[in-house]
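Student: how does the following fold in three dimensions:
(chains A, B, C and D)
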There are 2 protein chains.
Amino acid sequence: MSRTANKGHTTREAILDTGIALAREVGLGALTIGELAERVGMSKSGLFAHFGAKEELQLAVLRAAQARFDENVSRQAFLAPRGLARLRELYKRWLGWAASNRQPGGCLMLAAASEFDDRPGPVRDYLARQQEGWLAGLSRTVGFAVEAGELPENTDTEQFAFELFGLILSTHHHVRLLQDERYFALAQAGLERLINAAPLRKD
Amino acid sequence: MSRTANKGHTTREAILDTGIALAREVGLGALTIGELAERVGMSKSGLFAHFGAKEELQLAVLRAAQARFDENVSRQAFLAPRGLARLRELYKRWLGWAASNRQPGGCLMLAAASEFDDRPGPVRDYLARQQEGWLAGLSRTVGFAVEAGELPENTDTEQFAFELFGLILSTHHHVRLLQDERYFALAQAGLERLINAAPLRKD
DNA sequence: CAATAAAACGAACGGTCGTGCTATAAATCG
DNA sequence: CGATTTATAGCACGACCGTTCGTTTTATTG
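Tutor: Below is the predicted model:
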């Protein structure tokens, strides 16, 4: 038996790869089993058998997308030492992942969050939990920079993370809609202003 | 003849009213003529005749949504005097419009922009032009505060507007997905930090 | 009021949707 | 290898999609 287990597992991976790409183009909600099957090169029913329900396919696509994000952004950035170095690395990778238009469709998580924020159900629940976790991780990363003495002692790390998220979203929004890479410079300046004039707790 | 012109015009308005609400719930792309007709209480073909094509309906819904936005946010905020007063009023109204979850679905413009940012066509073109215009207007509003001496002379108004947009997006994202009104406080603190430590041109 | 124009309807079209069911082909295992 | 589990294909279903068309109802106007 090879390391990649069953045949089923292999084609499932291929389906999810193509599924991520397709969902980026048309949106997670508009992801269609027939179209996906055609792109993968198999029958609709054959593909369907892997998931049993459309919603299960959507969740599987999201989980796969997150795994790729974690590997390319979080894990890589955590190789940098705690502090501003890691924060900068994380921001750079996050920005490249979310807003770069080398890949069509931008960040699937952000698009899906906007698409499903008013449709109760497992997809929405998954996205909400994921975003909460990410925001908490961001705060922690900022906190390390405080501990390292690179940011003021009374920095409001949650406020910092919230604003950092806003910079990513604004860049994502403008780069993707207006197709203008010039906005990356604004994203960079925004980070520097956050660092040089960090939000402080009012206590 | 009454001031509201034809019967056709009247029902068209009713269609767009309901269309905005429905598009907010399911997304502009998933807006369906049959479902909309049912909600309005008329036949599919009768509704269809008003627009001639689905894309035309989508554009009409967007135009109607923007008219409401302009009236409730821009026009109202412009009653305040130029300067920080107007900027604060604009931010407050924008935030209430976009992120309040009194109305289901949040801001249709932002949701549609995220949904269509990778689907070339008239809808995308409309949204892109609209967003460019809005960002330019934001910069101008910040510029008035500079002229009034309430912000540093060398304030980078475009950077300011870009970051302001990010605060709105971050609030929208978190409030709508996580259903936690607590994020409005972060939005407010973000504006104050922008004002107290405004981004400066590096020239 | 009658004549005319505008608006709404009902039925039907070819497609595609998600999802079952049954049969066949391929991979796995003793 | 043969036996058996697993993966895929084929086909059909009811529902809904956007759109067209001819008809009927409703507004508007002289």
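Student: got a list of what the most centrally placed residue in chain A touches?
Tutor: Chain A has A:Met109 as the residue nearest its centroid, 4.8 Å off, counting by C-alpha atoms, centre = their mean. Neighbouring residues of A:Met109 by C-beta atoms under 8 Å, 6 or more residues apart in numbering or on different chains: A:Leu62, A:Ala65, A:Gln66, A:Phe69, A:Leu127, A:Gln130, A:Gln131. Placement of C-beta: from N, CA and C, glycine included.
Student: how far away is it from B:Asp156?
Tutor: Shown here: A:Met109 relative to B:Asp156, a distance of 30 Å by C-beta to C-beta, to the nearest Å.
Student: ditto for A:Glu158
Tutor: Counting by C-beta to C-beta, the gap from A:Glu158 to B:Asp156 is 26 Å.
Student: more neighbours: which of the two?
Tutor: B:Asp156 (22 against 18; other C-beta atoms under 10 Å in any protein chain shown).
Student: tell me which parts of chain A are close to DNA strand C?
Tutor: A:1, A:6-7, A:31-35, A:44-45, A:48-49, A:52-55 (C-beta under 7 Å from any atom of the strand).
Student: and the longest helix for chain A?
Tutor: helix A:122-147 (DSSP state H).
Student: what packs against that helix?
Tutor: helix A:54-69, helix A:84-99, helix A:108-116, helix A:157-178, helix B:157-178 (3 or more C-beta pairs under 8 Å, 6 or more residues apart in numbering or on different chains; DSSP states H and E).
Student: near DNA strand D, which residues of chain A show up?
Tutor: A:6-9, A:11, A:42-47, A:49-50.
Student: PyMOL command for the buried members of those residues?
Tutor: Buried subset of these, written as a PyMOL selection, criterion 16 or more other C-beta atoms under 10 Å in any protein chain shown:
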select buried, chain A and resi 11+47+50
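Student: which residues sit against the lowest-mean-pLDDT helix or strand in chain A?
Tutor: One helix or strand of chain A scores below all others by mean pLDDT, DSSP states H and E: helix A:7-26, with a mean of 92. Under the contact criterion C-beta under 8 Å, 6+ apart, helix A:7-26 has outside partners A:4, A:31-32, A:35-36, A:39-40, A:42, A:47, A:50, A:57-58, A:60-61, A:64-65, A:68, A:103-106, A:108, A:111-112, B:118-119.
Student: could you rerun that using 7 Å?
Tutor: Helix A:7-26 has contacts (C-beta atoms under 7 Å, 6 or more residues apart in numbering or on different chains) with A:4, A:31, A:35-36, A:39-40, A:47, A:50, A:57, A:60-61, A:64-65, A:104-106, A:108, B:118.
Student: redo the helices and strands packed on helix A:122-147 as JSON lines? Include mean pLDDT.
Tutor: Shown next, in JSON lines, are the helices and strands packed on helix A:122-147 (pLDDT from 0 to 100):
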{"stretch": "helix A:54-69", "mean pLDDT": "97"}
{"stretch": "helix A:84-99", "mean pLDDT": "96"}
{"stretch": "helix A:108-116", "mean pLDDT": "96"}
{"stretch": "helix A:157-178", "mean pLDDT": "97"}
{"stretch": "helix B:157-178", "mean pLDDT": "97"}
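Student: and the longest helix of chain A, what's buried?
Tutor: A:123-124, A:126-128, A:130-131, A:134-135, A:138-139, A:141-146.
Student: residues in chain A within reach of chain B, list them.
Tutor: Contact residues (C-beta under 7 Å from any C-beta of the partner chain) of chain A with chain B: A:25, A:27, A:29-30, A:104-106, A:111, A:113-115, A:117-118, A:127-128, A:131-132, A:159, A:162-163, A:165-167, A:169-170, A:173, A:176-178, A:186, A:189-190, A:193, A:197, A:199.
Student: and of the residues of chain A next to DNA strand C, the nearest to A:Arg86?
Tutor: A:Leu31 (34.5 Å; C-beta to C-beta).
Student: for A:Leu200, give me phi and psi.
Tutor: phi -110, psi 150 (degrees, to the nearest 10).
Student: pull the contacting residues for the residue of chain A found nearest DNA strand C.
Tutor: Closest contact between chain A and DNA strand C, by C-beta to the nearest atom of the strand, is at A:Gly34 (2.8 Å). Counting by C-beta under 7 Å, 6+ apart, A:Gly34 makes contact with A:Lys44.
Student: list the buried residues for the helix or strand that it is a member of?
Tutor: According to DSSP states H and E, A:Gly34 maps onto helix A:33-40. When burial is assessed from 16+ other C-beta under 10 Å, helix A:33-40 yields the following buried residues: A:Leu36, A:Ala37, A:Val40.
Student: for A:Ala187, give me its contacts.
Tutor: A:Leu95, A:Leu167, A:Thr171.
Student: same thing with A:Gln76?
Tutor: So A:Gln76 contacts A:Arg93 (C-beta under 7 Å, 6+ apart).
Student: on that earlier part again, next, the angle from the helix holding A:Gly34 to helix A:7-26.
Tutor: 110 degrees (axes from the mean of the first three to the mean of the last three C-alpha atoms, to 10 degrees).
Student: relative to helix A:54-69, how tilted is helix A:33-40?
Tutor: 40 degrees.
Student: let's see helix A:33-40 as PDB, backbone CA atoms only.
Tutor: In PDB, the C-alpha atoms belonging to helix A:33-40 read as follows (Å, rounded to 0.1, in the frame of the first residue of the first chain):
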ATOM      1  CA  ILE A  33     -21.600  19.300  -8.800                       C
ATOM      2  CA  GLY A  34     -22.100  18.900 -12.500                       C
ATOM      3  CA  GLU A  35     -19.600  21.600 -13.500                       C
ATOM      4  CA  LEU A  36     -17.000  20.300 -11.000                       C
ATOM      5  CA  ALA A  37     -17.400  16.700 -12.200                       C
ATOM      6  CA  GLU A  38     -16.800  17.900 -15.800                       C
ATOM      7  CA  ARG A  39     -13.600  19.800 -14.800                       C
ATOM      8  CA  VAL A  40     -12.300  16.800 -12.900                       C
END
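Student: now that helix: mean pLDDT?
Tutor: For helix A:33-40, the mean per-residue pLDDT is 97.
Student: next SSE after that helix?
Tutor: Following helix A:33-40 in sequence, per DSSP H and E, is helix A:44-48.
Student: contact partners of that following helix?
Tutor: A:Ile15, A:Ile33, A:Gly34, A:Leu36, A:Ala37, A:Val40.
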